[in-house]
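**Q** this one's structure only:
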């Protein structure tokens, strides 16, 4: 089977490589879109099914990935959220014959399969209705239908509890440099937020109107959210009140003094994306931001007496290690500072240098601390070593 799939992939690659859309009749191009969509659905179905097997067998644990979803995201070049949905679909259809058949036939897109399988998991009798709807309704309409099925099957209290358990807030940056914020929560919390935004929405609209600008409702809602945060006193919270975590701005000294970025220079909020120099200068005086100018202070050789990490080193680490340093791990949230040298080494030197520190996600920090994994190398060239068989056996015996 593997050779057959490889042959199909290679043949498809040759077709795409020689495809010249400019010479195609419009009707032929339209037909090809449908054919490629069918291929995409079948490929997504096959991936969901075999990824389920990888997850069940646990072979993804051989690398540095924290979960099967992280492994799938890295392997397929997609987000962890999308990979998690693929795995959930693969697991769910194992007990859903009708959905499984539709998936294998290429009748469901990945987005449709996620919604339908999740609803059928709660109400198996709805399978036929939802599969029929998937053939004619838009994804938005199908999603709303599936939501109603899930709500009716789970009951209001159970459904609300499920939504609360799956709540999250995520941020990411797209290729155009735009920062995105996504919140998933219960309807009552959204309603509460909306009620709080209403007066600020009018304020944002009035400000734009006075300036002679007519913005969209969505743009005014964006401004209203930040008006709300300002009114809540968020920007007035100074050092010692709330979190000690700072957002790091990295900017080249030449760009900082010039006032604008030239090709090859950097001015960015680390982990978020590029910003204008004027914005960086305005934010650099804010208590929540730490500006690191990459010429002048040598952050590489920051050292101090004692084992505790200084504020300067924390800022430098946040800049140098935006994600977990274990090769292949892309986790950026909740990173923990690890002393890469042993306690004995520090006892001998009585100093903590930046090169002896690294940021690890909680999963890999636990593996290093309690399960015999080691981090060796230097910043930018770290290697992650699992314990040898002898070391594992010794640890079990202990």
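**A** Perfect, thanks for sending it. No experiment lies behind these values; they were computed from the predicted model shown. Numbering: from 1, shown residues only.
**Q** wait, residue 255 sits on residue 263?
**A** No: with contact defined as Cβ atoms under 8 Å, residue 255 does not count as touching residue 263 (10.8 Å). Where C-beta positions appear, they are placed from N, C-alpha and C, glycine not excepted.
**Q** domain boundaries for the chain, per the record?
**A** Following automatic domain parsing, one finds the domains of the chain at 2-164, 179-236, 247-293, 322-397.
**Q** where does the prediction get shaky in the chain?
**A** Along the chain, segments meeting pLDDT under 70 span 1-2, 154-157, 159, 233-247, 271-273, 284-291, 293-308, 341-352, 392-398.
**Q** and residue 268, backbone torsions?
**A** Torsion angles at residue 268 (phi, psi; degrees, to the nearest 10) stand at phi -150, psi 160.
**Q** from residue 283, how far out is the closest residue to it other than its chain neighbours?
**A** Distances taken as Cβ to Cβ, 6 or more residues apart in numbering put residue 274 closest to residue 268, at 4.7 Å, once the chain neighbours are dropped. If you measure residue 274 against residue 283 using Cβ to Cβ, to the nearest Å, the figure is 13 Å.
**Q** what comes up buried for stretch 376-389?
**A** By neighbour count on 16 or more other Cβ atoms under 10 Å, the buried set for stretch 376-389 is 379, 382, 384, 386.
**Q** secondary structure and distance to residue 63 added to those, as JSON lines?
**A** Below are those laid out as JSON lines (DSSP: H, G, I helix; E, B strand; the rest coil; distance: Cβ to Cβ, whole Å):
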{"residue": "379", "secondary structure": "coil", "distance to residue 63": "21"}
{"residue": "382", "secondary structure": "coil", "distance to residue 63": "14"}
{"residue": "384", "secondary structure": "strand", "distance to residue 63": "9"}
{"residue": "386", "secondary structure": "coil", "distance to residue 63": "10"}
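**Q** make a markdown table from those residues and add distance to residue 88 to it.
**A** Formatted as a markdown table, the buried residues of stretch 376-389 follow (distance: Cβ to Cβ, whole Å):
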| residue | distance to residue 88 |
| --- | --- |
| 379 | 37 |
| 382 | 32 |
| 384 | 28 |
| 386 | 28 |
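**Q** for residue 368, state which of these is nearest.
**A** Lowest distance from residue 368 to the buried residues of stretch 376-389 (Cβ to Cβ) belongs to residue 384, with 8.8 Å.
**Q** hmm, residue 65 and that closest one touching each other?
**A** No: contact criterion Cβ under 8 Å: residue 384 and residue 65 do not qualify, at 11.0 Å.
**Q** part of a strand, is residue 309?
**A** No: when DSSP: H, G, I helix; E, B strand; the rest coil is applied, residue 309 is found to be coil, with no strand at that position.
**Q** ok, it to residue 386 distance?
**A** Between residue 309 and residue 386 the computed distance is 27 Å (Cβ to Cβ).
**Q** just how off-centre is the host helix or strand of residue 75 within its chain?
**A** Using DSSP states H and E, residue 75 sits in helix 68-76. How far helix 68-76 lies from its chain's middle: 12 Å, per Cα atoms, centre = their mean, to the nearest Å.
**Q** got it, and stretch 202-211?
**A** Relative to the chain's own centre, stretch 202-211 is displaced by 34 Å; criterion: Cα atoms, centre = their mean.
**Q** buried sites along it?
**A** Of all the residues in stretch 202-211, those buried under the rule 16+ other Cβ under 10 Å are 203-205, 208.
**Q** which residues are contacting it?
**A** 214-215, 220-221, 223-224, 227 (Cβ atoms under 8 Å, 6 or more residues apart in numbering).
**Q** can you say which of those are buried?
**A** 215, 220-221, 223-224, 227.
**Q** just those residues: which are in helices?
**A** Here DSSP state H is the test, and these give 220-221, 223-224, 227 as lying in helices.
**Q** all the helices of the stretch 151-300 of the chain, residue numbers only.
**A** Taking DSSP state H, counting those that start in this stretch to define them, one finds helices in the stretch 151-300 of the chain at 156-165, 187-210, 217-231, 253-258, 277-283.
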